[in-house]
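> Could you look at this predicted model? Sequence included:
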Amino acid sequence: MSINAWLTEKLTREKNPSRKSIGYLEAWVSIGGNILLFLLKLIIGLAINSLSLIADAFHSLSDVLTSVVVLVGFKVGEKPADKEHPFGHGRGELIATLIIGFMLFIVAYDIGKSAVQRIITPQKVEFSYVAVIAMFASTGFKEWMARFSIFLGKKINASSLFADAWHHRSDAIASFLVAIGLIFMRFDLYLIDGILALGVAILIGWVAIELIISSSNALMGEAPDPELVHKIREASVSVPGVIDVHDVYVHDYNTNKVISLHVEVDDNLTVDEAHDIATAVENRVKETAQAYSITAHIDPKERKKNEET
């Protein structure tokens, strides 16, 4: 049985695993794995004087720091609603994602700067079969960590776990490139070391920009997923008495969603009948969208037509 299959079975047995417990699991697995990789890469990199390998080591170390940010993000995000934050602190996870993006960008800049210097002044790098094998092993391990993070991220729809997954995957690609570069060292092509280090920096920078943009858009209140809006409409019109639905708004607080929508009903209904339909729509949408709060506004059909004319 694979680790992910075992974990799925474990989470299935646990009735209500909290977001924090799943987030903590991903973070601590990442921290432990990346500390080992950092030490391994750094020791080998220093031994053979490979900048690309040393850069990759610090890339792994930055993964440790981002996992710490994930821990803090989940700790803040799980705090209950209060007077200042009536819809909870779920966007703390998005802030964690944004911080991870900036941290990655700083790492990319430092590695890129050193890589350019190494390209201008190439230095001898000792070839090592041990280093090559270690880098290919690191590639496989980091890709597993990326899939592990995505697996858990899908369980709780956590952007910070997806961000951490992309960090793992960028490290896997970087390790693969370093392994290829070390093979070139066998033929005394030392310039490749700096070029590959620059490639690693560009890769990290690209991932950083993607994370910064995506988390910023979510924090600013981007438009909801069209698929979610479609599900809300489908759930609403399935309620007897609903003619149509429009003006669907979704305010996403990451752990909580606040949804409002206008429900068209026959204008001959009594106030009590219209209220019952609105309540039924709110309950149906709440089940479908797993939202914290739903507000259904009643629009009498004929009155709406008159207002439009």
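Right, received. Where do you want to start?
> Tell me which stretches of the chain form strands.
Here the chain has its strands, by DSSP state E, at 244-252, 257-265, 293-300.
> Of these, which is nearest Gln123?
Among those, the nearest to Gln123 by C-beta to C-beta is strand 244-252 (49.8 Å). C-betas here are computed from N, CA, C, even on glycine.
> So which elements touch the closest one?
helix 226-237, strand 257-265 (3 or more C-beta pairs under 8 Å, 6 or more residues apart in numbering; DSSP states H and E).
> what angle sits between that strand and helix 226-237?
Here strand 244-252 points in a direction 130 degrees away from that of helix 226-237 (axes from the mean of the first three to the mean of the last three C-alpha atoms, to 10 degrees).
> before we move on, back to that, turn the helices and strands packed on strand 244-252 into a markdown table, columns for mean neighbour count.
Formatted as a markdown table, the helices and strands packed on strand 244-252 follow (neighbours: other C-beta atoms under 10 Å):
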| stretch | mean neighbour count |
| --- | --- |
| helix 226-237 | 16 |
| strand 257-265 | 20 |
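> Save the ones you listed as CSV, and put in mean pLDDT too.
CSV is the format used below for the helices and strands packed on strand 244-252 (pLDDT from 0 to 100):
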stretch, mean pLDDT
helix 226-237, 86
strand 257-265, 87
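> And these: which comes nearest Arg19?
Smallest distance to Arg19 across the helices and strands packed on strand 244-252 (C-beta to C-beta): 14.0 Å, for strand 257-265.
> I'd assumed Leu198 was in contact with Ala115.
Yes - under the criterion of C-beta atoms under 8 Å, Ala115 makes contact with Leu198 at 3.8 Å.
> can you list the domains in this protein?
Domain ranges of the chain: 3-220, 226-308, per automatic domain parsing.
> Highest mean neighbour count out of the ones you listed?
Mean neighbours per residue, mean count of other C-beta atoms under 10 Å, is largest over the domains of the chain for domain 3-220, with a mean of 19.
> what is the rounded mean pLDDT of it?
For domain 3-220, mean pLDDT is 79.
> distance between it and the chain's centre?
Taking the mean of its C-alpha atoms, domain 3-220 sits 12 Å from the chain's own mean (C-alpha atoms, centre = their mean, to the nearest Å).
> got the phi/psi numbers for the residue in the chain sticking out farthest from the centre?
Most distant from the centre of the chain: Asn268, at 48.2 Å, with distances by C-alpha atoms, centre = their mean. The phi/psi pair for Asn268 (degrees, to the nearest 10) reads phi -90, psi 0.
> That one and Ser238, how far apart?
Going from Asn268 to Ser238 by C-beta to C-beta, to the nearest Å gives 21 Å.
> Check Arg169 too.
Here Arg169 is placed at a distance of 40 Å from Ser238 (C-beta to C-beta).
> Rebuild the strands of the chain as JSON lines, extending it with distance to Thr279.
Formatted as JSON lines, those follow (distance: least, C-beta to C-beta, whole Å):
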{"stretch": "strand 244-252", "distance to Thr279": "15"}
{"stretch": "strand 257-265", "distance to Thr279": "11"}
{"stretch": "strand 293-300", "distance to Thr279": "8"}
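> Sounds good, over and out.
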